[in-house]
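A.B. asks: Here you go, sequence then predicted model.
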Amino acid sequence: MRMNGGKPDVLLVEGDGPVRTVTMNRPAQRNAVNEELHAALAGIWGRLRDDEEVRAVVFTGAGKAFAAGGDLEYLVRVSNDPQYRYRTMAEARRIVTEMLAFPKPIIAAVNGPAVGLGCSLAVMSDVVFMSDQAFMADPHVSLGVVAADGGVLAWPLMMSLLRAKEYLFTGDRIDAVTAERIGLANHVVPHDQVLPRAYELAERLARQPQQALWDTKRALNIHMGKAISSVIDFAFASESETFALPEFGASLRAYTARQGISAPAAASSTS
């Protein structure tokens, strides 16, 4: 495990040869995205794009979750600090655009809950293997914010618009079998097979003719890019506005109470 200033890196890049493993590494927090991990997710794709040895990536989470949405302290800071909110919205947009432009195949190994941004990171990948014990959910609206870095960008391209509306409006969980059926996952596999199956495909794709594979991915992602470009400006502007509303603070406190955890004290200033 790599260390950064005496503590583990929140995003690990491991492996040699043509396949790299990118692992969100906050297992005690179910890989909830904090300030450091958010920045790392924005920067990693450019680094891997420029590494000529890398031909495919397996993307997963450490421990029992893929990524359980936003870290509470991080969300409170986004809500309370306008300048930071502006920066993090720009960073969130960069995560989307960098993944969309990344030329090499990304194989998501969804080993546990993929919530909010975690769900987006999974479905912005190219192929999704999902543990039969995992689920997806996008609770942005239930917390009082627009799902700009969530389902509004990509879900309508993968399922019917009616289904996307229902799941985004309610924030309901989508179990693995349903996720595969509606188009958010390619394969549901036994829990202990999610990483082996992802590596098997990554290694196979790494052996494919490189330019043909990458340009085929680019051509396919032009469809997605055109759709996303028509909504991304409004989506992120409106998400930023909703983070600043008192309703978000109240929703966050209610959510943490339902989960039996204590929200950071600063959350009270959002009401």
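C.D. replies: The structure has been received and is ready for your questions.
A.B. asks: switch to C-alpha atoms for all contacts and neighbour counts from now on
C.D. replies: Fine.
A.B. asks: Show me where the chain has its strands.
C.D. replies: Under the criterion DSSP state E, the chain contains strands at 3-4, 7-8, 11-14, 19-24, 56-61, 67-68, 106-110, 114-115, 127-131, 135-137, 174-175, 187-189.
A.B. asks: Reformat those as a markdown table; add mean neighbour count and distance to residue 90.
C.D. replies: Listed next are the strands of the chain as a markdown table, based on neighbours: other C-alpha atoms under 10 Å; distance: least, C-alpha to C-alpha, whole Å:
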| stretch | mean neighbour count | distance to residue 90 |
| --- | --- | --- |
| strand 3-4 | 10 | 25 |
| strand 7-8 | 11 | 26 |
| strand 11-14 | 19 | 20 |
| strand 19-24 | 23 | 20 |
| strand 56-61 | 27 | 22 |
| strand 67-68 | 28 | 20 |
| strand 106-110 | 29 | 23 |
| strand 114-115 | 28 | 20 |
| strand 127-131 | 26 | 26 |
| strand 135-137 | 26 | 23 |
| strand 174-175 | 18 | 28 |
| strand 187-189 | 20 | 32 |
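A.B. asks: Mean pLDDT lowest where, among those?
C.D. replies: Among these, strand 3-4 has the lowest mean pLDDT, at a mean of 46.
A.B. asks: if we can go back for a sec, distance to residue 154 for the strands of the chain - can I get that in TSV?
C.D. replies: Listed next are the strands of the chain as TSV, based on distance: least, C-alpha to C-alpha, whole Å:
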stretch	distance to residue 154
strand 3-4	33
strand 7-8	32
strand 11-14	24
strand 19-24	21
strand 56-61	18
strand 67-68	18
strand 106-110	15
strand 114-115	15
strand 127-131	14
strand 135-137	14
strand 174-175	16
strand 187-189	18
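A.B. asks: can you pull the pLDDT of the closest residue to residue 120 other than its chain neighbours?
C.D. replies: Spatial nearest neighbour of residue 120, chain neighbours left out: residue 150 (5.1 Å); criterion: C-alpha to C-alpha, 6 or more residues apart in numbering. Looking at residue 150, its pLDDT is 77.
A.B. asks: And residue 150, its phi and psi?
C.D. replies: phi -120, psi -140 (degrees, to the nearest 10).
A.B. asks: ok, it - contacts?
C.D. replies: When contacts are counted by C-alpha atoms under 8 Å, 6 or more residues apart in numbering, residue 150 touches 116, 117, 119, 120, 138, 140.
A.B. asks: What about those, which are in helices?
C.D. replies: Of these, the ones assigned to helices by DSSP state H are 117, 119, 120.
A.B. asks: Closest to residue 230 out of these?
C.D. replies: Each of the ones in helices among the contacts of residue 150 was checked against residue 230 using C-alpha to C-alpha; the closest is residue 120, at 17.7 Å.
A.B. asks: pretty sure that closest one contacts residue 147?
C.D. replies: No - the criterion here is C-alpha atoms under 8 Å, and residue 120 misses it with residue 147 at 9.7 Å.
A.B. asks: Compare these two and say which one has the larger neighbour count.
C.D. replies: residue 120 (27 against 24; other C-alpha atoms under 10 Å).
A.B. asks: now the ones in helices among the contacts of residue 150 in CSV, with pLDDT and distance to residue 50?
C.D. replies: Formatted as CSV, these follow (pLDDT from 0 to 100; distance: C-alpha to C-alpha, whole Å):
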residue, pLDDT, distance to residue 50
117, 94, 25
119, 96, 26
120, 95, 23
